[in-house]
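Enquirer: This is a predicted model, with the sequence first.
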Amino acid sequence: MTKFSPGEPVAVRDDYPPGHIRTPVYLRGKHGVVLRCFGEFANAEVEAYGRKGPKRHVYKVRFVARDLWNDYKGAPNDAVEADLYEHWLEKLP
């Protein structure tokens, strides 16, 4: 069972733990919309150190470019899509 559904708004966890992190810094703390869930995959943040952990759902999330960069001068409908592990996403009220 997935935690998020397509069309659901989410926030990326605003966290900066040390180590091998798969979530881009420029997305942390930003809001986006879930496009789809790809299923469960090994967590690369754990496997990078040769450890095994539980599999995690991975989601494609869309972010409006102007919401990511204050000085963005591109078209209003420009967007960034990123594949993010579920533990980096939070529900929005």
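Expert: Yep, it's here. Numbering: from 1, shown residues only.
Enquirer: mind listing what the residue nearest to the spatial centre of the chain touches?
Expert: Within the chain, one residue has its C-alpha closest to the average C-alpha position: by CA atoms, centre = their mean, that is residue 84, at 3.4 Å. Residues in contact with residue 84, defined by CB atoms under 8 Å, 6 or more residues apart in numbering, are 12, 22-23, 27, 58-59, 61. For every residue, glycine as well, the C-beta is placed using N, CA and C.
Enquirer: Residue 81 and residue 69, how far apart?
Expert: Counting by CB to CB, to the nearest Å, the gap between residue 81 and residue 69 amounts to 15 Å.
Enquirer: Likewise for residue 11?
Expert: From residue 11 to residue 69 the distance is 17 Å (CB to CB).
Enquirer: Grab the nearest non-local neighbour of residue 54.
Expert: residue 43 (7.2 Å; CB to CB, 6 or more residues apart in numbering).
Enquirer: Ignore what I typed, I meant residue 63.
Expert: The shortest distance from residue 63 to any residue other than its chain neighbours is 4.2 Å, reached at residue 32 (CB to CB, 6+ apart).
Enquirer: can I get the CA coordinates of the longest strand along the chain in PDB?
Expert: The longest strand of the chain (DSSP state E) is strand 31-41. C-alpha atoms of strand 31-41 as PDB (Å, rounded to 0.1, in the frame of the first residue of the first chain):
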ATOM      1  CA  HIS A  31       6.200  21.500  -2.400                       C
ATOM      2  CA  GLY A  32       5.300  19.400  -5.400                       C
ATOM      3  CA  VAL A  33       2.600  17.100  -6.700                       C
ATOM      4  CA  VAL A  34       2.800  13.300  -6.900                       C
ATOM      5  CA  LEU A  35       2.500  12.100 -10.500                       C
ATOM      6  CA  ARG A  36       2.900   8.300  -9.900                       C
ATOM      7  CA  CYS A  37       4.400   5.600  -7.800                       C
ATOM      8  CA  PHE A  38       7.000   3.300  -9.400                       C
ATOM      9  CA  GLY A  39       6.800   0.600  -6.700                       C
ATOM     10  CA  GLU A  40       9.200  -0.500  -4.100                       C
ATOM     11  CA  PHE A  41      13.000  -0.400  -4.500                       C
END
